[in-house]
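Asker: got a sequence here, can you model it:
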Amino acid sequence: MNKKDKFITFILNILMILIASVTIYFCLDVFGIIQVPQKYSIASLFYSQINVIATGGEIITNEIIPKNNVPNQKNNNTNVDEDTSSSLDNFVNPLISVQEYNSNNNNSIKVNEKSFYYDQLDEYGKIIYEKLYQNIDRLKTGTYTAEFDTTFDELLHQENGKDVLNSAFQLAINSLTFDNPDLFYIDITKINLITETTTRPFSTVYRVSIGGNGKSYLSDDFLNIEDANNAIDKVEQAKNNIINMARENTDNVIDQIKKVHDYLIDTIEYDSSDGRNVYNVYGSLINGKAVCEGYARAFKDILDEMGIPCIIVCGVGTNRSGTTESHAWNYVKINDNWYAVDVTWDDPVISGYGKLTDNIRYKYFLVGSDVFFEDHVEDGNIVEEYYFKYPEISKENY
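Answerer: Alright, predicted model coming up:
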């Protein structure tokens, strides 16, 4: 055999080995004997089906209808001379922990103010939250897709796996924005939970991703990453100015919190007609217009920057006109005790009712449960039967 024939034989042997290897690889992939990453899976090219199985939702913007069936009117501003005659005695508040596997029939919960909602997620919610949090800079693009590959494959093979994952997704994505109110440029109603189902002769493989499904999930007011970055810069500058003002001539934390509280009251107009941004810190600090959620997010965002423990609380309240409505406010921790602050209701409509007195301006500033729960009920409801638990606040005012 001459050199040419030997070379041809060598090449043919290499080709046969490659063909055999690809065939074996294909068979192992198709029959599910080995788990192959999506981008390397040959079977996924033939058997895959992609579906959006859930879309992000909102906490406060979704109506919460109390058990007494009073319509939700989303207007927290009230006439200050009217007496608070309505209570929430008829509201049933089934406070249960979303972290069912860790429930223990007592009221103790882990409280980390910077990740308060995250701490109460189940294992699936935490995986989703962590992935998105670790890629916050990529979220600014509005097009980043978080790939989880087969992380949730075992769960999705369970009978109720899809429902469990849907709930974990809804809880995680809402928790992310409530722990991090500076993510105002993202519209979570545009973010989707997407599954790619690969069907093989003897198995099915589920791959999960989270993203816009080909569309941007930035808020309508921020069309691209440049818009988002410009808005972020504006908000950061506004927060820095507020913090510098609050710390000027005082080291007293209470005085600093009070200055932030007063600034928001003096500069924000309660307004529900200005679009999505009334629910976030951009609307509060830049546009000067917000609803209760916007007030609460701005207050937390500023106090977070100042290193003062603060969380956003969801619930219902009965305003001075007797209307029960979904509502948001804050809890602040001082010397290991929690106190309630409702900046929105400290900023009432007073037209025709005279001067805004200190009794009105600070009625809901660092108050305890004996006063606050007369017209507020913490709820924490986000997805279906799931409820977040809040730390117990002091009985007495600060």
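
Asker: ok, the closest residue to residue 128 other than its chain neighbours to residue 259 distance?
Answerer: If you skip the residues right next to it in sequence, residue 128 has residue 172 as its closest partner in space, 4.0 Å away by C-beta to C-beta, 6 or more residues apart in numbering. Heads up, the C-betas are built off the backbone N, CA and C, glycines and all. Using C-beta to C-beta, to the nearest Å, residue 172 is found at 34 Å from residue 259.

Asker: who's more crowded, these two?
Answerer: Neighbours per residue, other C-beta atoms under 10 Å: of residue 172 and residue 259, the larger number sits with residue 172, 27 against 17.

Asker: if residue 367 is in a bridge, with which residues?
Answerer: With DSSP bridges as the criterion, residue 367 is bridged to residue 340.

Asker: residue contacts, it?
Answerer: Residues touching residue 367, when contacts are defined by C-beta atoms under 8 Å, 6 or more residues apart in numbering, comprise 339-341, 397-398.

Asker: which secondary element of the protein has the worst mean pLDDT?
Answerer: Each helix and strand of the chain was given a mean pLDDT (mean pLDDT, DSSP states H and E); the minimum falls on helix 44-47 at a mean of 56.

Asker: moving C-terminal from the helix or strand hosting residue 177, which element do we reach first?
Answerer: Assignment of secondary structure by DSSP states H and E places residue 177 within helix 161-179. Under the assignment DSSP H and E, the closest C-terminal helix or strand after helix 161-179 is strand 192-199.

Asker: circling back: tell me if I'm right that the residue nearest to residue 128 and residue 123 touch.
Answerer: No - taking contacts as C-beta atoms under 8 Å, residue 172 lies outside contact range of residue 123: 10.9 Å.

Asker: what segments of the stretch 101-250 of the chain are helices?
Answerer: For the stretch 101-250 of the chain, applying DSSP state H, counting those that start in this stretch gives helices covering 123-134, 136-139, 153-156, 161-179, 225-247.

Asker: pLDDT on the last one, on average?
Answerer: Rounded to a whole number, the mean pLDDT of helix 225-247 is 97.

Asker: do the same with the second one
Answerer: Helix 136-139 carries an average pLDDT of 94.

Asker: element containing residue 390?
Answerer: Under DSSP H and E, no helix or strand contains residue 390.

Asker: rewinding a little: just the contacts of residue 367 now: which is nearest residue 227?
Answerer: When these are compared for distance to residue 227 (C-beta to C-beta), residue 341 wins out at 31.7 Å.

Asker: quick one, what contacts that closest one?
Answerer: With contact taken as C-beta under 8 Å, 6+ apart, residue 341 is in contact with 257, 261, 299, 329-332, 364-367.
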